[in-house]
Structure formats: C-alpha cells, structure tokens
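K.L.:
Requesting a structural model of the entry that follows:
(2 chains)
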Amino acid sequence: MINLKINGREIQAREGSTILKAALDNGIYIPHLCWDRRLEPYGGCRLCIVEVEGQRRLITSCAAPVEEGMIVWTETPKVVKARKTVLELLLLYHPLDCPICDKAGECELQDLAFKYGPTESRFTAKRKREPERLDSPIVERNPNRCVLCGKCVNLCRDHQGVGALAIIGRGFKAKISPAFEETLDCEFCGQCIDACPVGALGAKPYRHRSRAWYMDEYQIICPYCGCGCTTNISVREGKIIRARGKEAIGINDGNLCSKGRFGFDFLYSEKRLTTPLIRKEGELRPAPWDEALRYIAERLERIKNAHGPSSIGAIGSQRCTVEDNFMLQKFMREVIGTDNIDSGARFGYARALEALKESSGIEYMPVDWQKPLEKSLLFVIESELTATHPVWGLNFLQAKKRGAYLITADSRQTKLARHSTHWLRLKPGTGVALLNGIANYIIENGLFDKEKVSGIKGFSEWTNHIKRFSLKETSAITGIPETLIEEVARLIASTPKRLIALSSGASENNKSKDLYIASANLLMLLGEEIDNLQLPAEFSNTLGLWLSGVRPLKDGKTLKDMLYKEGSLKALYIMGEDPVTVFPDGSTIERNLKNLELLIVQDIVLTETAKLAHVVLPASAWAEKEGTFIGMTGLEQRITKLLPDQGDSTPDWKILRNLARIMGYEIGRDINSIKEEFNKKLSAEGYVLEGSRWKKFQRPEPSFRIADLKVKARPEKPQEIYLLTGNVLQHSGVLSYLSKTLDSAVADAVLTINEEDAKRLNIKDDTFVKVTSKKGSVYLKTRVTDEVPEGVAFAPLHFPHARLNTLLTIPSDGEIPLEVVEISKG
Amino acid sequence: MEKRPRITMMLCGGTGCIAGGSLKVKEAFERELSQQGLADEINIVLTGCNGFCAEGPIGIVYPDDIFYEKLTPDDAKIIVQEHFIKGRPVERLMYKEPVKKHAIPVMNEIPFFKHQVLRALRNKGLIDPERIEDYIARDGYMAAAKALLEMTPEEIIREVKNSGLRGRGGAGFPTGLKWELCSKVKSDQKFILCNGDEGDPGAFMDRSIMEGDPHSVLEGMIIAGKAIGATKGYIYVRAEYPLAVKRLQIAIEQARERGLLGEDILGSGYSLDIEIYQGAGAFVCGEETALMRSIEGKRGMPRPRPPFPVYKGLWDKPSVLNNVETFANVPPIILHGADWFKSLGTEKSTGTKVFALTGAINNVGLIEVPMGIPLRTIIYDIGGGIKKGRKFKAVQLGGPSGGCIPEHLLDTPVTYEDIVRTGAIVGSGGMVVMDDLNCMVSVAKFFLEFTTDESCGKCTPCRIGTKVMLDILTDITEGRGKDGDIETLEDLANDIIAASLCGLGQTAPNPVLTTIKYFRDEYESHIYEKWCKAGVCRSLVTFYIDPSTCTGCGACARVCPQKAISGERKKPHSIDQSLCIKCRQCYETCKFNSVKTGPRDMFKKEENTEVLEEVKK
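P.N.:
Numbering: from 1, shown residues only, chains lettered A, B, ... in the order given. Have a look, this model is predicted:
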C-alpha cells in the first residue's frame, strides 16, 4: 500500500492506482468528465488536474500513478482558476439546449457548472450547427452538445471491442462520428449512451418522453440471458421509460447489452393477454378467471381418471421465476401425480449437464463470473458468448486485452473470433474432432503429466479411441491446417490456468452432448479441475428452473415424448413457452398439440402455441410480479413488482395455487412460503445458500468418456448446404422480438450466406430465397457475406414469423443437429 | 594504379538548391566534362544542403575550397573551361561581400560560414549522402564500433551525460538522463525512436541532416540503442520530406548490407534494425506520445504523463525518442569525448546548435553555431543584417511554440536558459528575422492560426482555448478590438498553458504572450487607435504621402496596381483613398520614407465633421 496525502488527509492506495482513483475511493471528489473506471485514463477533459507538491505543472490526476509520500492539493487557487477556465471554454460552445435536452437534471456538465461555475462568460460565440443525427436505430446523436470527452469512442473500441465511433477531424473541428459520417451501424448495446456525460448521445425510445425528475428509479434483474445483470429502470406513472446500467451495481458492474437496455418494452406489446380465454365453438373467447380455472380443473380430473396421470404433461419456462416453476412441478407431481414435466432446457442446458454428470459425476456447476479474468488461456468452442451472454463475454475480451490467449473455434466470424489471438475456422459441428485431435497430439508428444492423468478412469479406452485423430485426420475433418492445430495444441498444453467455455442454447444446432464430453476430457488431460469448464445456463432462470425440478426425476416423459410422440399425452399444460415456434420440427409439434384433448397455455402474449389451446391463461410478466431468478452464476436475485397488472393477468405461481385449490390441494400459500419450501428442498439435496449464491459441495469423479463425431446428415447435392441456427446479439429466445426497440435494430431472420455459395446457387444479396429441408420450406431474406464460410448458411431462431424451426428435425441421441437444406431463388 | 580525380566539384543537392535547378547544373557539368574528355579526372558529386540557401544553387570546388553561387547550366561550361582546364577560378560566380562588393573565393572566409562550427553538420557539403563509403571515409560508424565493441551501456550513458547534450528538438531535456532512465527499466522489448517530423513552419534543420547525412542519424540511433537496450528502432519522418525518406531508406539498406544494422552488428552481440515510418500531415504527431500512437496506427493524440514514455512508450514498452539533430551529435561525442563536446557552448547549454535563419535577413540559410553566441552575431555577422537596409524589429525563435525577441535583447546569448528568460524558447532552431514591415500582432496571429489548425482536439483548453484566443486576435487585426482584450488574452493564455495536455497547447500562447510583452504598443494601437503602424492589417491602415518629404519621383505611382497615386513630376504626390486597396506596394517602394501609414479612420474623421457641419447648417 502506498501512503499519500490529499488535501491534508492521510490516504492509503494500492500500488499502481492513480491519484483520482485513490481520492474517489476515499470519498474525496475530484471533478472529471472523461474518466471511466473501465477504460485506460484518457486525460482529455483537464478537469481532474491537481497540484502536487514538488511538481511545477498541474498534474492530470486520472492518469498519474500514486507515489509514496505524495502531497496532493485539489482545490488550490491555481487549480480552481484553471478548472474554471476549462469549464468556461466548454460552456462557451455548448448550446443552451437545457430546456429541450433530455439530459437535463442528470447532466454532468450542468452539475459541474453548478458546482464550480463560472457564472458568467467573458466570451460569446456562434452556436455550432451540426445536424442532429436520428437516422440510425435506437441511438440518437447530437454532435453540438458533445464535449469530446471521448468516453463513447474509447468504450466502444476498447471495452466493447466494436469501435463504431471515432473522432474525426482535428482541433476545433474535431467531432465524434461513425466512419465517413454515415449512419451509425453497430451492436446497439447502448453502452455509449449511458457513458455520455451530456446529451450528445441518447436513446430514441426515451427521446422527449420525460424529465429525469419525474421518474422513479428501481433496480431489477434483466429477464433475458443467464448473466443476471442488474438494470436500473426508470418508471413513471406505472410505465418503464428506460433502463440503464450503473457503475458498481450488479454482477454486471453497470455494463448492459442491447437486450437489457432496450428490450424491456416487450411488456407493452399489443399482443399482451389481459383476460383468460376459453375455446368455445372453435374460437377463443374471453372468460372470467373462475370459469377458466374450473374448466381446466374439471377436464384434468376427467383425463386423469380416464387415462391415468401419465397422460398429462407440463412444460415449464426458463424465463419464469423459481416460484412459478416450483409451483408447476408441485402441481404436476402432487395434484396430477405425474413425473411428466420438462422444459426447453432439454434441447440446450440439459445436454451440457448430462455430459458433465457423465464426465465428472457433478450435477451442479454454475459459472464463475470472474474466472475468465483470472486465466491465461481461454478456449471457446462453437459458441458465440458475446451474443448469448454479452456482458459476461466482455470479460473474455478484457482477459485477452490483459494478455491472455483467446482461442476461438468457430466457423462463423463472430465478434469473439475477431478478437481472438487464434481463430480456428473449423467446419461446423466438427468441434469434437478438433478437441480429440488436440488431445491426441498432446498425448502423442507427451505434453501432459502422464503419471497423474493415466490413473483416471477410462484413460486407456479413450486414448485408443482418439488415436485415429492424427493431425492429418483432424485437419481433414475440421478443415483447419495441421500447423495451426499443432500450434494451438502446444499452446494449450504449455499455458497454465486454462478455461474452456461453451454455450448450450436450445437454438444452437452445432453441438451435441459429445462436444461437452470432449471438452471435459481435454481439461482432465491437462490436469485442470472440472470447474474450469464453464457452461453458462442460457436464460435468466434456466438454472433456477433446473433446481426447481422442472424435469423428469424418475421415469417421466421428456419434451421429446410429450411433443413429438403421437398420442403420448392427452393433456398438456404449457407455461411460458412456445413450442410451435421455438422447438425443432414445428409442424409435428403443431399436429400433436392439435390432437390433445386438453391444451392449456399460460403466457404473457397469445403465442402460436396459445392459438391452438383450449384454454389460455394470462400471466403476469417480469416486473409485474415478485419472484426469484437464479442466474448462470448460481446467484439468487429477486425481481419485484414495480408495475401494475395488465388487465386480469396474474403471476404464474398464483394461477397454479388457485387451480390447485379448486382441485382440492394446497401446494403453496404465498411467495415467501413457496420460496421457503424451495430452499428446504434444495438443502435436503445438499445445496447451500452462501450469501445469495447457491453452492453444492460435490466431489468430482472424473472419467474419460468416448466422444464421437455423429452428424445427422451431410450436404450431398450441389444446391445443398448446412443450415446453422443460433443467436444474434440483439435478441434472446423468443421474448425479445416483442420489443419494438430491439426490432428496430434487427427484426428479421436474415440468412447469411457466403459469396461463393451465393454465386454457385445463383442468389443475390438482400433478396428472398426459398430454404427447404426434409420437413418443409420457408422464405428468408439473404445477406451475402464472408462472415460465414463456404458450405454454411446461418439464420437466427428468434423470429416466429419466419417459422424457421419448421425446417429443423430433432436429432437422435448424441447427434449434432446440423440441418442440411436446399436453397433456391425465392 | 587507380586514377584519382584531381578536382572534385561538390554541388549542393539539398531540396532548396534542387528547386533552384542544381540537378540541371550537374547534368551540364557532366555533359561538358565528357565532351572535354575529363570525366575520369574530375568528379561531380551531389551533396546534401550546403546551408547558404539564399545563394543557391551552390557548388564548391575541392581541393581549392572555391565557393561558387547562383549557378546556372550555362555557368557549368564556363567553370570547366576557365577553372578546371585553364586554372583560373571564375570571379563573376563567387560570393560578393555586400558593402564593398569584392569577391570572397574561399568558403570558410565568407562571414556566413566563418562563425559556424560544424558538428551535427560535420559532413555538410562533403559527402554524397547516397554513398555509405563517403560517410565511413569521414570516420563514419567508428563511434558505433567503439560503443558496441569497447563500451558498456553505462559507459556510453556516462559519456553522453557528461557531455551535457540536451535534446535538440526543442524541449532541451538532458539526453543522457533520458537514456539512463530508460536503460534501467526491465522489459522484453524497448524502442529507440527518431523524431523526424519537424513540423515548425519554415524549419529545415532536420531535413538537411536526413537528406544530407542520413548515416549520422543511424549511427546515433545504434549507439543510443545499445545504451538503453533497444530491440528495434523507428525513424518517424514527415511524409512531406520524400527526399529525406528516400535517402534514409538507401542509408538503411546500405548499412544492412555492411552488417551495420541487423543481427549481431559488427559481431558485438547487439542487434538492432531500423524502420522508417511516415507521418500523415499532422504537426501534433511531432509530440512524443502522439508520435508513438501514430506509429501504433492510432489517431495521433498525446497521452498524459506520467507515466513517461521511458517507462511506457511505444506499445506501452520503454521507449526513447530523440530528435534528428540530437542523434547526429552523438557519434562525435563518443569518438572525441564529453570534454571535447563541452569545449563549446556554456555550462548549461553545451555544444552547438543548428539554426534555420530565415525572414528579412540577407543571408538566409542553415547554420550551426556554438551555444552561447549572442543573437546579434547571428543576425548581423552571419546573417548579414536586415535586407534592403531596413530596420531590425524582432527575431522569432522556436516557431509556433516560441516567442519574439526585440532589439534591446539582441545581446542575449543563445542558450536554453538565457532565451527562456526572455519569454521565448530556443526551440528546434527556427529563427525568423523581422523588420519594420512586420506587424507583431499579425505575426502572433499567424502562429496561432497554425497551432489552432494543428491542435488534435483532445483537450479542452487547446481545442477551444486557442480558438478563442485566435478569434480575439482576429477581431483586433480587423478593427473589432476592445478595451480589456489584451488582459483577456494574457489571462486566457496562462490558463491554457497551465491546463493543456501536451506541448502544443502548453506553448501555443507563447507568441502572443511575448509579442504582448515586448510590443504591447502595437496591440494598443490596433485596439484603441485602430492603427496598424506596420501597414499589414488592411482594415487598420491608411496609406498617405507626406508632402513635406515627397520628392515626386513617381516610383510609387508606377507600382500602384490601382493607379490611385497622382502627382506631377518632382512635385509631392497624393493617394486617392477611394481607390487604394492597401496593397503596400507604394509603402515598400518609397526610398524617401514619404509613404506613411495612418490609422484607419484618419480621413474619415474629417468627413464626419464635414457632414456634421452640413447638418448644423
């Protein structure tokens, strides 16, 4: 620790800290405009200058490292005079827009002028006349108000890894703009908007909607991905007006992605259900709660008696709270008496967990948020973490900035791939071969601790199995040059402190369980603990849903039986899920659902699945109800009721409680008692709540398992191509498309296709094409780009209207679900 | 036995003389010599800048040391015939002393050259810069060999420290100390960088060295590289110097061929390679940290210090950046020792300094003089005094970062410490001499226009502050100056200096501050009397003819483009104000000082009173 004095006070600071940091950490305010804790010191605004004894010139406190015995003064006449002039100059060319500027009341320049003056200016100047830029989605720019603090530019380039904005021009004419002053086209994460100290950057949905002082601010957990970021939402008269990230708040430390920042307006979709609906004479008609619940209760009893409890099933929701899901499984197990309950996690997270269990005996392994920053080598395989878990993905970029190796194996040029130290552009679905090849190379060259590792169960069968993955063979399968595989293998073997991360989304069709097993194998070979395999749960409550027991625990039917096996069920209760749109082979699902005697759908909007239901129940959405999310890190976080109910919508858990009561069962009284019961159940299973984090002590029993490359089909005919499905950054599952703001950035299931393929198939950029698989056809718009390699086309699954899921078939066990499609002119 | 040439003609191939046609002169010589069959007896060599740029194209005949000036291709034939064949040097083409007009044939007797001591410019005019053999023949790379093979880094640093060499780029930071600080930092990579950006308008000291003696820079960098433990070197040259880039590139390739750059130089175990990086037209990239960002491919904006580049420089590795002239001084220090270097100059400002002497002076050109020489000597003895016999007004030192020194301070010795006391700085060596035809307010405005345009825009005081100062100056020169403007300029200047991030902003107000200090009366007459006495600011001057001294020679009327001057021969002339466009031709032409300047409203007042009288009636 370094000892120094600031304004006469004895301060202690860590070595390498700056004067500004030391001051702020000790409650001493030094004004600053261009400093952000996430960035390297910029030193541009000149407001943080201080006097240091022994130094002739005023020192930039945001950049100067602390030194032992330093004596700093922050408010001497010399400093105050210089600071006042700097403010005078800033205010001179800053337009007097306060009356129409949305930043008023929260503006750092306003606050500084208020605190430090000057009250009058010696100069007059002509207003700058830059046109306001409203031409891009979501982000509005008013360059006249810009004080050139550079935060947006530096944040976008160094922190987000995008660099969509830069300073162009020089001197007084310098201004911040996208390249060639064209329309801003970027990730639309909005980090720049939150960072801007004045009203130069803003969010279009927020423009002129409210003054800052009329809004109330609350903290809530984002409903989208598994990161569990805390957003600060501003509410006015019962409506969320905007969401921001705030420094030092939440696991995300103030960082947010476009979903967290702009996706909240899904709440205000016109599709919101406000009243229960019952199908009468073929049409869904509004009905009161009592009638709807009794309708359900009656028919469930009847079906249960006639066909037995195993003819009834339920599907839970990765986005509903712990309490909602816990009540659903209680309803099914206690009221109905069946183990037939599952969720969309079956196609995603469940595979990862299955692999984990087989490889190590571990059942529960949340992600460690900080881990990427502690590692020297990060290996990400066929996963676009910066799209699926954007804020956690930033840690990977940060780690690389600090000198870690970031190795990405992905056929697509993702943001992660662009920032990687090594990008292995493999053929899609061949990740298992790559891992087997790397492992084999390490073994053949003795680059591992043979004594320690050969004692692990399954070692010899495994080493024999991967023998055939020579460099040559691996290169032939994956398409990666031998020299690169060798280089990476050597790097992985020789760099200590490694991590492998894989996403496990239901919409990603490039992985099977074997990829996770192969990853676990590699880690074991390197002598790493299994928790260096980071498997982030997909959505905001995927982990919570899993812990609530929304999956068959004994011999119940999984999603595969319930939705795809004809006649498997007579009744199905679907909560917060849209199988017809989301899961593969939508037409089969639709057919089977139509044949049900009773289909109950409980959701916030009238989904495609709901349109087939006999009864539709309106559920409360996020922020309209109380509840708990357990995010991918095992962190338990509460969401609270901050908004009024929409119509007659009711929280899911309450609907189930009331339904159970009608059927004569008490399965939970209130939010607290339900959570208490959940806690007890977990404790009984060996889970411990440490602070707010759920942990489980498990002794890993590592064993090497065979991981093989099983592909469903390969393209054979000339017009056939692999269809890769996955995520785009701006969307998450099928909730985000309801957000008009997010849709203004990305609203289409665009098919990205390689230039060579486009030429070969005679299709052009930005046109409609017909995409056909065994299961049917859809029409998609094209974008010709080299972000996808030859032989692969990619489209996201977020958009119901595209009906892309109808093309996909479910794979059999262990198969990689890559689809082969034909593409022709639309 | 190989035939050696009996005569060598060194023609100046500096950019200035090339612009004056020296390449054509060279061709003419070669043609004539081959016609006469003398091509292998007489050698024509193109050298770097000779320095006496006002008199170019220049050629010096060796071994006689005869200096020829203002050569044309026709002169080549005459010199060959008369001088080379008949042995009679051509007096017509020699330098003529300005007063008595007698010829001074030998270069080192010409006053311009007599007072100079060439150290950084030791090879000036004596080598072909595109031949490494020439450089080696004049003890080139001997210092590098000594440093690499016989000295430790500590010894090298000690020698340079003792020499007292200070950075020649302008800041004057002790070079040995900079090397010492960097040498102590442990790092896997270190960089030795040469600042060849030379952005000061009109400065060409570094250009002459890079064009005329590129190996001196390389040798200096090798020695510095060994001292700090550099793993790679870069020379940052402004793109506006294509000849310098070309000559440096040739020099690097030749050095590589001879094993003087690259792996294991001279078998010493030390390896260094040097690469050239070209600038892209930004003055601010001559600033240390901005230069490093530019090499990194980023926008050339400076960084706050601390941390200093010797600790965290190029790509955050320890780096030393030195000026071209600084590097050129290093090899002689190693060869001849610190004491030799200190034998010239003063205690705190040792050695010599190269200056680019320009402006209203007779002998415009490049000079190298011992530090401590009085300004007066430079301007009058070397510079030959003010052109056209006009009166000295001020000398501007240090370019846009420097200041103006008035007549009464001309005895100030040129040292870092003495010049700084006047309010100016020695700077990189640009010296612009001004006479009574210069308006000091305009001069300040010129420099401030430059710095405002070149400001990178990162920090508020420079980006906005210099513009505000410029707006005030513009108002003053266009007649909108008001009471309080001078005080505002001073106050704002001090805050800009205190708060700016880098040297550009910290020194941009200097020209304004020094001109206010020494020529406040000019500011006041611009503001209060609306009168630019030098006749430069067009909206603040009235040109009129003083009838009491006008001889009626008509010279002014002949040069007036508007035909605004009328008068009979030998009778006082007068200027029709309604036609006058204030071009100053008459003012500059009159030999009798009869054309005078008056305030803007000089005649308007009379008109106003006339109108008032009318109204009164």
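K.L.:
Could I get the average pLDDT for the strand ranked longest in chain B?
P.N.:
Longest strand of chain B, by residue count under DSSP state E: strand B:352-359. Averaging pLDDT along strand B:352-359 gives 95.
K.L.:
Which elements pack onto that strand?
P.N.:
helix B:205-212, helix B:324-336, strand B:365-370, strand B:430-435 (3 or more C-beta pairs under 8 Å, 6 or more residues apart in numbering or on different chains; DSSP states H and E). Bear in mind the C-beta positions are built from the backbone N, C-alpha and C, glycine included.
K.L.:
so what strands line up beside the last one?
P.N.:
Paired neighbours of strand B:430-435 in the sheet (DSSP bridges): strand B:352-359 (parallel), strand B:392-397 (antiparallel).
K.L.:
So what's the gap between the very next helix or strand once past the shortest one and the chain middle?
P.N.:
Downstream of strand B:392-397, the next assigned helix or strand under DSSP states H and E is strand B:403-406. For strand B:403-406, the gap between its own C-alpha mean and the chain's C-alpha mean amounts to 16 Å (C-alpha atoms, centre = their mean, to the nearest Å).
K.L.:
Pull strand B:403-406 out as PDB, backbone CA atoms only.
P.N.:
Output of strand B:403-406 as PDB, limited to C-alpha atoms (Å, rounded to 0.1, in the frame of the first residue of the first chain):
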ATOM      1  CA  GLY B 403       8.500  33.900 -28.900                       C
ATOM      2  CA  CYS B 404       9.700  37.100 -30.400                       C
ATOM      3  CA  ILE B 405      12.800  38.800 -29.100                       C
ATOM      4  CA  PRO B 406      13.100  42.600 -29.600                       C
END
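K.L.:
how about the next helix or strand after that strand: buried residues?
P.N.:
Later in the chain than strand B:403-406, the nearest helix or strand by DSSP H and E is helix B:416-422. Within helix B:416-422, the residues scored as buried using 16 or more other C-beta atoms under 10 Å in any protein chain shown are B:416, B:418-419, B:422.
K.L.:
Is any residue of helix B:416-422 near chain A?
P.N.:
No - remark: helix B:416-422 sits outside contact range of chain A, by C-beta under 8 Å from any C-beta of the partner chain, the gap being at least 12.9 Å.
K.L.:
Need the residues that contact that helix.
P.N.:
Residues from elsewhere that reach helix B:416-422, judged by C-beta atoms under 8 Å, 6 or more residues apart in numbering or on different chains: B:166, B:172, B:348-349, B:371, B:397, B:403, B:405, B:409, B:412, B:425-426, B:514.
K.L.:
Likewise for stretch B:262-280?
P.N.:
If you take C-beta under 8 Å, 6+ apart as the criterion, stretch B:262-280 is touched by B:144-145, B:148-149, B:192, B:197, B:218, B:221-222, B:225-226, B:230-240, B:245, B:248-249, B:252, B:256, B:259-261, B:285, B:294-295.
K.L.:
Count residues in the vicinity of the residue of the stretch 201-350 of chain A found nearest chain B, would you?
P.N.:
The minimum distance from the stretch 201-350 of chain A to chain B, using C-beta to the nearest C-beta, falls at residue A:201 (18.0 Å). Residues within reach of residue A:201, counting by other C-beta atoms under 10 Å in any protein chain shown, total 27.
K.L.:
Would you confirm that it contacts residue A:136?
P.N.:
No - using C-beta atoms under 8 Å, residue A:201 is not in contact with residue A:136, being 11.1 Å away.
K.L.:
Residue A:73 and residue A:52, how far apart?
P.N.:
Residue A:73 sits 8 Å away from residue A:52 when distances are taken as C-beta to C-beta, to the nearest Å.
K.L.:
So the two - more neighbours on which side?
P.N.:
Neighbour count, other C-beta under 10 Å: between residue A:73 and residue A:52, residue A:52 has more, with 20 against 15.
K.L.:
Can you flag the buried ones in the contacts of stretch B:262-280?
P.N.:
Members of the contacts of stretch B:262-280 classed as buried by 16+ other C-beta under 10 Å are B:144-145, B:148, B:192, B:197, B:218, B:221-222, B:225-226, B:230-238, B:245, B:248, B:252, B:260-261, B:285, B:294-295.
K.L.:
Show me which residues of chain B are close to chain A?
P.N.:
Residues of chain B lying near chain A (C-beta under 8 Å from any C-beta): B:282, B:284, B:299, B:301, B:303-307, B:452-468, B:471, B:488, B:492, B:495-496, B:498-501.
K.L.:
residue in the stretch 301-450 of chain B nearest to chain A?
P.N.:
Nearest residue of the stretch 301-450 of chain B to chain A (C-beta to the nearest C-beta) works out as residue B:304 at 3.2 Å.
K.L.:
is it true that that residue touches residue A:61?
P.N.:
No - Residue B:304 lies out of contact with residue A:61 (C-beta under 8 Å); the separation is 9.5 Å.
K.L.:
Between these two, which is the more surrounded one?
P.N.:
Legend: neighbour count by other C-beta under 10 Å for residue B:304 and residue A:61, higher for residue A:61 (30 against 24).
K.L.:
State the distance from that one to residue A:46.
P.N.:
Distance from residue A:61 to residue A:46, by C-beta to C-beta: 11 Å.
K.L.:
who's in contact with stretch A:629-638?
P.N.:
A:221, A:223, A:226-228, A:230, A:251, A:321-322, A:364, A:366-369, A:389, A:392, A:536-537, A:540-544, A:547, A:626-628, A:639, A:689, A:692-695.
K.L.:
Please repeat the previous calculation with a cut-off of 7 Å.
P.N.:
With C-beta atoms under 7 Å, 6 or more residues apart in numbering or on different chains as the test, stretch A:629-638 has contacts from A:221, A:226-228, A:251, A:321-322, A:366-369, A:536-537, A:540-541, A:543-544, A:547, A:628, A:639, A:692-695.
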